[in-house]
Each structure stands twice: as structure tokens, then as C-alpha cells.
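K.L.:
This is a predicted model, with the sequence first.
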Amino acid sequence: MDAALRSLLDWYAEMGVDVPKVAPAKPVRRPLVKSKPDNAASPSASPIEPPAKPATDLSKIKTLADLHAVMNDFDAGVLGDGARQVVFSRGNPDADLMVIGEAPGRDEDIQGKPFVGRSGQLLDRMLAAIALGEEDFYVTNVVNWRPPKNRNPTKPEIDMCLPFLERHIALAKPKVLLLVGGISMSALTGVTGIMKNHGQWHDVTMDGTTYPALPLYHPAFLLRRPELKKDAWRDLLVLREKLLSL
Ligand code: URA
């Protein structure tokens with residue numbers, strides 16, 4: 001059986017949906033990843049440093065490629081010190097749905113794409129369960145550099161990255177935002193408490209445009225708390241209903 005189909009069936013089974021038993025899939029050989037480039041500096045000792053501001057007036061940036069280029073040249077200070085590269089996006093920039101996660105981890109830092117590690121694989125399965133493939137969504141993060149030692153980004157670091165995210169959203173022009181995890185939810189809505197806000201629509205207004213935004217449990221959290229997958233499934237159905245209504 002195709003690995004993607006098996007993984008989707010596994011997700012349904014975890015949700016309590018009846019699925020036929022299938023034989024275990026053959027292990028898939030993963031490509032070797034490149035080693036860290038020489039120019040990647042080691043993490044700085046102190047995470048406390050005044051955050052930098054984009055030197056460019058971001059409203060002058062008219063394409064996603066230009067935004068990516070400006071971010072490549074941006075010195076993110078301590079946040080970027082241990083990162084190999086900026087982690088910009090993956091998926092379809094013309095999609096109605098923009099998925100916004102928290103910050104890159106190790107796999108994302110290596111590949112330069114968001115949500116490509118273990119939690120990204122679960123995220124893809126969750127979206128596939130409501131019939132969304134990579135052409136149906138566009139993914140980025142609030143923070144675009146892997147924080148040193150995989151720690152959570154600090155508030156000043158989030159504030160430093162927000163102007164980039166706002167421009168990113170303005171250029172991608174999604175119809176719906178999916179806020180993956182508490183950091184993403186609070187950065188964009190100001191609301192805290194993912195346990196009580198997941199699955200409830202919030203309005204996010206930026207640059208005069210209001211986007212409906214749905215907070216969702218972070219897949220890394222669901223990997224630790226699988227009993228919450230049922231709630232996540234309900235939230236995904238809420239998302240599907242909205243997308244079908246567009
Ligand atoms: N977690 C996130 O929030 N984003 C990623 O890109 C990977 C893991």
C-alpha cells in the first residue's frame with residue numbers, strides 16, 4: 001500500500017473512524033541530508049539582544065521571491081546565529097489556505113522549508129484527512145529562523161519577525177489562515193490559551209484586510225497528547241466547512 005494512503009488510514013483510525021486492517025508498509029529509505037555548511041555559525045551564548053528591524057520598507061516588496069531575498073539578507077541576530085538558512089515557505093502560494101506554524105526545527109533548518117520533519121508529516125496527514133494536498137495550502141512560520149538549541153522564540157524575536165509575516169500574508173493573499181500552535185495563535189490574534197481557543201474562528205486584521213483565522217493544536221503537541229487528536233479532527237472539519245463555503 002502507498003505510504004501516504006497508509007498514513008492517512010492510520011490518522012483516521014486514531015480518530016476512531018473504522019478502517020480496514022492493512023499490512024505494515026515497507027520501510028522507506030530516506031535521502032541523506034547535507035552536513036552543516038561552513039558558514040553556519042554556532043549558537044550565541046546569550047539569547048538576550050535587542051531585535052533587529054528590517055532595513056527595507058517592506059511595503060515596497062511586491063513579490064514573494066523578493067521578500068524571500070530580503071529575508072535571506074536580513075541579519076536576524078541571535079535568532080539566526082545557529083540557523084543554516086531562512087525557512088520561508090512550501091506549498092502553493094495561490095492556495096486559499098495559509099498555514100502558519102511557530103518556528104523551524106532541525107529538519108526545516110536543513111531543508112529550508114517549514115514543517116518537513118515529524119510534526120510536518122503529521123500536519124500533512126491531518127490536512128490530507130480533509131482532502132487537502134500540498135497544492136491546496138501554503139505553509140510558513142511566525143519565526144523564519146531556527147531558534148538556537150530549538151528553544152521557543154522569545155517575544156522580541158517574534159516581534160522582529162512579524163513585519164515579514166504580515167508582508168508574506170499580504171503578498172500571498174490567502175482567504176483563510178490556519179494558526180498552528182499557541183505561539184502562532186497569540187502572535188497573530190493576541191489571544192492566549194490554545195486549549196480553550198482551538199477550533200474557534202478569530203478575525204485577524206492586517207493592512208486593512210481581515211482574515212478568518214482558526215487556531216489548531218500543534219502536531220508536535222498532538223504527538224505528545226494523542227488523546228487530543230479527536231478534538232483536532234473536529235477542528236479540521238470546521239476548517240473544511242469554511243473552505244467549502246468560499
Ligand atoms: N514546527 C513548526 O511550528 N514549524 C515548523 O516548520 C516545524 C515544526
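P.N.:
In hand now; what should we look at?

K.L.:
tally of neighbours for Pro93?
P.N.:
Around Pro93 sit 17 other residues, with neighbours defined as other CB atoms under 10 Å. Where C-beta positions appear, they are placed from N, C-alpha and C, glycine not excepted.

K.L.:
who's in contact with it?
P.N.:
Neighbour list for Pro93: Leu64, Tyr138, Leu171, Ala172 [criterion: CB atoms under 8 Å, 6 or more residues apart in numbering].

K.L.:
which SS class is the second one?
P.N.:
Spelled out, it's Tyr138. strand (DSSP: H, G, I helix; E, B strand; the rest coil).

K.L.:
where does the chain come near the ligand, residue by residue?
P.N.:
101-105, 108, 114-115, 117, 119-120, 141, 181 (CB under 6 Å from any ligand atom).

K.L.:
quick one: which of the contacts of Pro93 has the most company?
P.N.:
That'd be Tyr138 among the contacts of Pro93, by other CB under 10 Å, with 24 neighbours.

K.L.:
Beta-bridge partners for that one, please?
P.N.:
In this entry, Tyr138 is beta-bridged to Gly91, Met98, by DSSP bridges.

K.L.:
can you tell me how far it sits from the ligand?
P.N.:
13 Å (CB to the nearest ligand atom, to the nearest Å).

K.L.:
Does that residue touch Ile100 like I think?
P.N.:
No. With contacts counted by CB atoms under 8 Å, Tyr138 stays clear of Ile100, the gap being 9.6 Å.

K.L.:
Just send the residues of the chain next to the ligand back as JSON lines, with neighbour count, distance to Pro219 and pLDDT too.
P.N.:
Output for the residues of the chain next to the ligand, formatted as JSON lines (neighbours: other CB atoms under 10 Å; distance: CB to CB, whole Å; pLDDT from 0 to 100):
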{"residue": "Gly101", "neighbour count": "28", "distance to Pro219": "9", "pLDDT": "98"}
{"residue": "Glu102", "neighbour count": "25", "distance to Pro219": "11", "pLDDT": "98"}
{"residue": "Ala103", "neighbour count": "27", "distance to Pro219": "14", "pLDDT": "98"}
{"residue": "Pro104", "neighbour count": "30", "distance to Pro219": "14", "pLDDT": "98"}
{"residue": "Gly105", "neighbour count": "22", "distance to Pro219": "11", "pLDDT": "97"}
{"residue": "Glu108", "neighbour count": "26", "distance to Pro219": "13", "pLDDT": "98"}
{"residue": "Pro114", "neighbour count": "28", "distance to Pro219": "12", "pLDDT": "98"}
{"residue": "Phe115", "neighbour count": "26", "distance to Pro219": "8", "pLDDT": "98"}
{"residue": "Gly117", "neighbour count": "20", "distance to Pro219": "10", "pLDDT": "97"}
{"residue": "Ser119", "neighbour count": "22", "distance to Pro219": "4", "pLDDT": "97"}
{"residue": "Gly120", "neighbour count": "22", "distance to Pro219": "7", "pLDDT": "98"}
{"residue": "Asn141", "neighbour count": "29", "distance to Pro219": "13", "pLDDT": "98"}
{"residue": "Gly181", "neighbour count": "24", "distance to Pro219": "8", "pLDDT": "98"}
